[in-house]
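[1] mind folding the following:
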Amino acid sequence: MVATFETVQQLGKEQFEAVSAATAAVTKGWQTIAAEATDYSKKSFEKSRLLAEKLIGVKKIDEALQLQSDFAKGAYEDFIAEATKIGELYSSLAKEAFKPVETAASKVYTSAE
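    From the prediction side, this is the model:
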């Protein structure tokens with residue numbers, strides 16, 4: 001099969017559109033991840049601030065230990081939940097970023113046959 005100028009030009013256009021779509025997906029994914037990380041940081045800071053306020057008013061050491069223990073357990077659970085959510089966002093980002101490239105590659109492969 002001999003490639004004409006028009007087919008090569010169309011192939012280049014499809015490749016450019018695929019890269020542009022992939023870039024847009026990556027940008028959107030990074031923005032989502034950054035927003036999620038910012039939200040988690042704000043919530044974590046607020047919980048730490050509340051713990052500090054509670055610790056200031058504690059009269060007994062065992063109350064302080066219980067507050068810190070409860071805080072540590074909650075912080076760990078929050079971290080695991082957030083890590084899972086961020087992992088899912090990264091997975092989604094990869095799928096969305098490669099979808100246009102995969103579509104363009106399949107077109108090239110089928111047109112070459």
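[2] would you mind listing where the chain has pLDDT under the threshold?
    Residues of the chain that meet the criterion pLDDT under 70 lie in 1-3, 8, 108-113.
[3] now the helices for it?
    5-56, 61-112 (DSSP state H).
[4] angle of the first one against helix 61-112?
    The reference is to helix 5-56. Relative orientation of helix 5-56 versus helix 61-112 (axes from the mean of the first three to the mean of the last three CA atoms, to 10 degrees): 180 degrees.
[5] now for helix 5-56, which elements pack on it?
    Other elements packing on helix 5-56 under the criterion 3 or more CB pairs under 8 Å, 6 or more residues apart in numbering; DSSP states H and E are helix 61-112. Just so you know, the C-beta spots here come from the backbone N, C-alpha and C atoms, and that holds for glycine as well.
[6] and the helix it packs on, what other elements does it pack with?
    Helices and strands touching helix 61-112, as assessed by 3+ CB pairs under 8 Å, 6+ apart, comprise helix 5-56.
[7] just how off-centre is the helix it packs on within its chain?
    Computed by CA atoms, centre = their mean, to the nearest Å, the chain-centroid distance of helix 5-56 equals 6 Å.
[8] understood, closing this out.
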